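**Student:** here is my input; please provide its structure:
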Amino acid sequence: MSDPSFAVLQKVRNGERTFGITPRIPGGFISPQDLMKIAQVAEKYKGQIKITSGQRISILRIKPEDVENAWKDLGMEPGVRSSYSVKNVEICPAAFCKRAKQNSVKLGLRLEKKYYGRTAPNRTKIGVTGCLNACTSANSKDIAILANQEGYIIRVGGSAGFYPRLPDEVATGLTEDQAEKMVDSIFEYYSENAEMGDKLGPFIDRIGFNIFLEGTMQIYNKKEEIEEPRK
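**Tutor:** Prediction:
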């Protein structure tokens, strides 16, 4: 019997297989109704609630035969659609934070909506933050959007995983729209040129950052040069 969809197998104890399910919570913002729904489903199926590091809530210890019904009761999308997709976009609460230099929540939610579940050469994380404190651990993400008083800063290839890697800086002083175009350009170049299984950081190391930057900027400049529709 195959494992249930959109569920992660947990440690097998005494031969018992249980799964964790994690619904999509864009940017970590959740309505009281959805929060109560998660609690009700966890209680119904005798699950354990865990707040994850990715600004989501998992329900653990779900029996395999209950996974499908638990998802139906939740009525929510899965947080991760595939191992080869954009895993999540983490967003700091810049709109509510006194330290924020840019209100990056709008940009973050726009990117979350655009990139949720997008196919990628490997799992891809995006972090968006309104200042250099980087409360989303943005510097450890594949694509990082940070901010200072001059605008947005884009970095790529960060990782805090088994092989830690500091990110490379692509651009600074961008407007909100320019930052979104730069993320689009990075993702487009990565998707078109990396091999399946390539994480962004190792891909950059293999081809060289200068080559990656040149290719990304060619795409970005074309996006910037698009003429306005004629009247």
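**Student:** centroid residue for the chain?
**Tutor:** Centroid-nearest residue in the chain, with Cα atoms, centre = their mean: residue 88, separated by 2.2 Å.
**Student:** check whether the closest residue to that residue other than its chain neighbours sits in a helix, strand or coil.
**Tutor:** What sits nearest to residue 88 in space, not counting adjacent residues and going by Cβ to Cβ, 6 or more residues apart in numbering, is residue 54, at 5.0 Å. From N, CA and C alone the C-beta is placed, and that goes for glycine too. Three-state call for residue 54 (DSSP: H, G, I helix; E, B strand; the rest coil): coil.
**Student:** make residue 1 into 17 and carry on from there
**Tutor:** Sounds good: first residue 17 from here, last item residue 70.
**Student:** check what pLDDT residue 70 gets.
**Tutor:** Turning to residue 70, the model gives it a pLDDT of 89.
**Student:** against which helices or strands is the host helix or strand of residue 188 packed?
**Tutor:** Assigned by DSSP states H and E, residue 188 belongs to strand 184-190. Identification of packing neighbours for strand 184-190 by 3 or more Cβ pairs under 8 Å, 6 or more residues apart in numbering; DSSP states H and E yields strand 167-172, helix 192-209, helix 225-241.
**Student:** list the buried residues of that strand.
**Tutor:** Within strand 184-190, the residues that qualify as buried by neighbour count (16 or more other Cβ atoms under 10 Å) are 184, 186, 187, 190.
**Student:** can you list the strands that it pairs with?
**Tutor:** Looking at strand 184-190 with DSSP bridges, its partner strands are strand 167-172 (antiparallel).
**Student:** do a quick rundown of the helices in this structure.
**Tutor:** 48-60, 83-90, 121-131, 192-209, 216-223, 225-241 (DSSP state H).
**Student:** and the angle from the longest one to strand 167-172?
**Tutor:** Angle, helix 192-209 to strand 167-172, by axes from the mean of the first three to the mean of the last three Cα atoms, to 10 degrees: 10 degrees.
**Student:** cool, and the third one?
**Tutor:** When the same axes, to 10 degrees is applied, the directions of helix 121-131 and strand 167-172 differ by 40 degrees.
**Student:** helix 121-131 packs against which elements?
**Tutor:** Helices and strands touching helix 121-131, by 3+ Cβ pairs under 8 Å, 6+ apart, are strand 102-107, strand 140-144, strand 159-164, helix 192-209.
**Student:** quick check: residue 187 vs residue 203, distance?
**Tutor:** 14 Å (Cβ to Cβ, to the nearest Å).
**Student:** then residue 235?
**Tutor:** 10 Å.
**Student:** how about residue 100?
**Tutor:** 13 Å.
**Student:** intersection of neighbour lists for those two?
**Tutor:** residue 136 (Cβ atoms under 8 Å, 6 or more residues apart in numbering).
**Student:** so for the two, which sits in the more crowded spot?
**Tutor:** Shown here are residue 100 and residue 203; by other Cβ atoms under 10 Å, residue 203 has more neighbours (24 against 15).
**Student:** thought that one was touching residue 159?
**Tutor:** Yes: here residue 203 reaches residue 159: they are 7.1 Å apart, a contact under Cβ atoms under 8 Å.
**Student:** and for those two, which residues touch both?
**Tutor:** With Cβ under 8 Å, 6+ apart, residue 203 and residue 159 have common neighbours residue 140.
**Student:** paired strands for the lowest-mean-pLDDT helix or strand in the chain, with orientation please.
**Tutor:** Least confident helix or strand, the chain: strand 24-25 with a mean of 90, by mean pLDDT, DSSP states H and E. For strand 24-25, the paired strands and their directions (DSSP bridges) are strand 35-37 (antiparallel).
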